[in-house]
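sequence and predicted structure below; questions after.
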Amino acid sequence: MTEANMHLGVAFLTQSTAGLLGNSCLFCFYNYTLLTGQNVRPTDFILSHLVFANNLVILSKGIPQTIAGLGWKYFLDDATCKVLLYFHRVARGVSLNATCLLSGFQVSKLCTRNACWKITTRFPKCFEFCGSLFWVLQLLVNVYVPLRVIGPRHKQNVTLHMRYRYCSTEAATTKPLVQLSLMILLTSIDVMCLVFMMWASASMVLVLHRHKQRVRHIHSRIPSRRQDHEAKAIWTILILVSMFVSFYCLSAIFTLYIGLNTKPDLWLVDTSAFLGACFSFLSPFVLISSDTRITQVFLSYTE
């Protein structure tokens, strides 16, 4: 095993361990609040779906990459490769949909005075249905993934379109027009969600900024020691959305470049996989730091 592979394995191991720990703690916390009914917030249900999807992303991508980086070869068979990559795509889609829904709910709360947003005040009542719908939708949309994924056929003379460290994909045999139509269908959902998140986040930042200016004008002569909740909300929104959009776009660029090459360099494959799991790894710590309920629980145990 080379030194580069060792560093790669350690990097994926660190990312996977920290991500699983953060998402698992949040998943237990959100489900505890939902079961007990204590300090429940409207977004807890959809956040439980988000952190569960993040855990599934790490398990289906980070763990195999860690094992491959530590020098293990051909540790997955054909069926396991199909299942792992299928659920990775499903979980990644659910994570995107859940983040998009959260952005829509948050902007609706800030814009309730606008008549066009009055209908969105019923969002919390449909979160349970939306969470289940996201999983069903992604399971159906990504049903094509297992059809092209194969295990490591190191003993067979098979021409592969793209080779991962532990799985491969066969070259598509469908017509170019069919491939293009399928690609447009799959990417259009992601693009619409990304555009909506960026628009919703920009709207929230604008509304919060205007509100902050009004409050500062009214209370300019009154000193206040309270925490600036508006600024905290702005930074939380900006961090989450910028992380998701940045990592998603970078991973998509690497994936597209890899797909255009029959024998891509392994460092490109590894970089794409690492970037693809970065949001799932970092987002739970952003949520933990911004949720006062979690910090209060932590402080109560440390006292």
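Yep, it's here. Numbering: from 1, shown residues only.

if I pick Ser188, what's in contact with it?
By CB atoms under 8 Å, 6 or more residues apart in numbering, the contact list for Ser188 is empty. C-beta coordinates here come from the backbone N, C-alpha and C atoms, glycine included.

per-residue pLDDT, it?
The per-residue pLDDT reported for Ser188 equals 82.

ok but it is inside a strand, no?
No - Ser188 is assigned helix when assessed by DSSP: H, G, I helix; E, B strand; the rest coil, not a strand.

gap between it and Leu50?
Distance, Ser188 to Leu50, by CB to CB, to the nearest Å: 22 Å.

what's the answer for Tyr30, then?
Distance, Tyr30 to Leu50, using CB to CB: 9 Å.

and Lys109, by the same measure?
Counting by CB to CB - Lys109 and Leu50 are separated by 18 Å.

repeat that for Thr271.
Counting by CB to CB - Thr271 and Leu50 are separated by 24 Å.

same question for Gly19.
Taken as CB to CB, the span from Gly19 to Leu50 is 13 Å.

is it true that Arg293 touches Val40?
No - Arg293 is not in contact with Val40 according to CB atoms under 8 Å; the separation is 9.9 Å.

please enumerate the shared neighbours of those two.
The contact lists of Arg293 and Val40 share Thr33, where a contact means CB under 8 Å, 6+ apart.

would you map the helices across the stretch 101-250 of the chain?
Along the stretch 101-250 of the chain, counting by DSSP state H, counting those that start in this stretch, helices occupy 127-141, 145-148, 176-218, 229-259.

make TSV out of the ones you listed and add distance to Asn55.
As requested, the helices of the stretch 101-250 of the chain are exported to TSV (distance: least, CB to CB, whole Å):
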stretch	distance to Asn55
helix 127-141	14
helix 145-148	19
helix 176-218	20
helix 229-259	16
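
for Val286, find the nearest of those helices.
helix 229-259 (5.5 Å; CB to CB).

which positions within the closest one qualify as buried?
Within helix 229-259, the residues that count as buried by 16 or more other CB atoms under 10 Å are 230, 233-234, 236-237, 240-241, 243-245, 247-248, 251-252, 254-255, 258.

could you point out which element follows that helix?
Following helix 229-259 in sequence order, the next helix or strand is helix 266-276 (DSSP states H and E).

quick one: distance of the next helix or strand after that following helix to the chain centre.
Counting by DSSP H and E, the next helix or strand C-terminal to helix 266-276 is helix 278-290. Relative to its chain's centre, helix 278-290 lies at 10 Å (CA atoms, centre = their mean, to the nearest Å).

and helix 278-290 with helix 266-276, angle?
Note on geometry: by axes from the mean of the first three to the mean of the last three CA atoms, to 10 degrees, helix 278-290 and helix 266-276 are set 30 degrees apart in direction.

for the helices of the stretch 101-250 of the chain, which one sits closest to Cys25?
Per CB to CB, nearest to Cys25 of the helices of the stretch 101-250 of the chain: helix 229-259, 17.7 Å.

centre of the chain to the closest one, how far?
For helix 229-259 - counting by CA atoms, centre = their mean - the centre lies 9 Å from the chain centre.

before we move on, what about stretch 281-299?
17 Å.

quick one: contacts of it?
15-16, 18-19, 22-23, 25-26, 29, 33, 39, 47, 50-51, 54, 58, 62, 232, 236, 239-240, 243-244.

in this structure, where is pLDDT below threshold?
1-5, 111-125, 152-165, 170-180, 211-212, 214-234, 259, 261-262, 264, 298-303 (pLDDT under 70).

centre-most residue in it?
Centroid check for the chain by CA atoms, centre = their mean gives Ser95 as the closest residue, at 4.1 Å.

which residues touch the closest residue to Cys81 other than its chain neighbours?
Ranked by CB to CB, 6 or more residues apart in numbering and with sequence neighbours excluded, the top spatial neighbour of Cys81 is Cys167, at 3.9 Å. Neighbour list for Cys167: Pro64, Leu76, Cys81, Leu84, Leu85, Val149, Ile150, Gly151, Pro152 [criterion: CB under 8 Å, 6+ apart].
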